[in-house]
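In: sequence first, then the predicted structure:
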Amino acid sequence: MTESENPEVIEEEIEALESELDYEIFQNTMDNFLATADVESVYGEPILHGDSLIIPAAEVVAVMGFGVGSGGGEEKGEHKEGGGRGGGGGGRVFSRPVAVIIATPTGVRVEPVIDVTKIALAAWTAMAFMVGMGLRIRNARSALRGLNKGTWG
C-alpha cells in the first residue's frame, strides 16, 4: 500500500485542507467586517459649497462573535466511532449620522445632528422605569404596614 492510499494519511490531508479553508473563510469574514469601520464609513465625502467645506460624520458600531467546535472518538475493536466539528458566527453593523463639520475661512465648527426620536424614546423609557419603581416602593410600604398590624394587604 502506498502512502497516498493510506487512509490515515488521506484523512490528515483532508483535515489540513479543511483547517486551511476554515482559516481563509474566517480571515475573509474578518476583513470584510472590519472594512465597515473604516474612516470612509465614518466620514462622508466632503462637499465644497462656495468657500465652505462640509464634511458629514457618522457613528459606526460593529459587533461580532464567532464560535467553533470540535469532537473526538474512540476505537472499538476494528471500528472507530465518533466525530464532530462545527462553527458559526454572526455580527451586526449599525451606523447613524452624528454631526456635520463645517470649515470656512473664518474657522471650523461642528454642528451635531439631533435625533429627536432617540431622545423621546429615552425619555419615555426613563419615565416608565421611574413609575415602575415608584409602584414597587408603594407596594412594599403597603405590605410592611400590613405586616406591622398583623394583617396582609
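Out: Yes, it's here.

In: please make it C-alpha for all contacts and neighbour counts, starting now.
Out: Will do.

In: distance of residue 45 from residue 105?
Out: Distance, residue 45 to residue 105, by CA to CA, to the nearest Å: 20 Å.

In: pick out the least confidently modelled helix or strand of the protein, by mean pLDDT.
Out: helix 39-42 (a mean of 66; mean pLDDT, DSSP states H and E).

In: which helix or strand lies directly C-terminal to that helix?
Out: strand 47-49 (DSSP states H and E).

In: give me the sheet partners of that next one and which way each runs.
Out: strand 52-76 (antiparallel) (DSSP bridges).

In: check which residues of the strand it pairs with are buried.
Out: With burial defined by 16 or more other CA atoms under 10 Å, the residues of strand 52-76 counted as buried are 54, 55, 56, 57, 58, 60.

In: export the residues you listed to a markdown table and tack on pLDDT and distance to residue 87?
Out: Below are these laid out as a markdown table (pLDDT from 0 to 100; distance: CA to CA, whole Å):
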| residue | pLDDT | distance to residue 87 |
| --- | --- | --- |
| 54 | 92 | 45 |
| 55 | 89 | 41 |
| 56 | 88 | 39 |
| 57 | 86 | 36 |
| 58 | 84 | 33 |
| 60 | 80 | 27 |
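
In: adding distance to residue 98, write those residues out as JSON lines.
Out: Formatted as JSON lines, the buried residues of strand 52-76 follow (distance: CA to CA, whole Å):
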{"residue": "54", "distance to residue 98": "14"}
{"residue": "55", "distance to residue 98": "11"}
{"residue": "56", "distance to residue 98": "8"}
{"residue": "57", "distance to residue 98": "6"}
{"residue": "58", "distance to residue 98": "5"}
{"residue": "60", "distance to residue 98": "10"}
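
In: and of those residues, the nearest to residue 78?
Out: For the buried residues of strand 52-76, the closest approach to residue 78 (CA to CA) belongs to residue 60, at 56.5 Å.

In: which residue is the nearest non-sequential neighbour of the closest one?
Out: residue 95 (4.3 Å; CA to CA, 6 or more residues apart in numbering).
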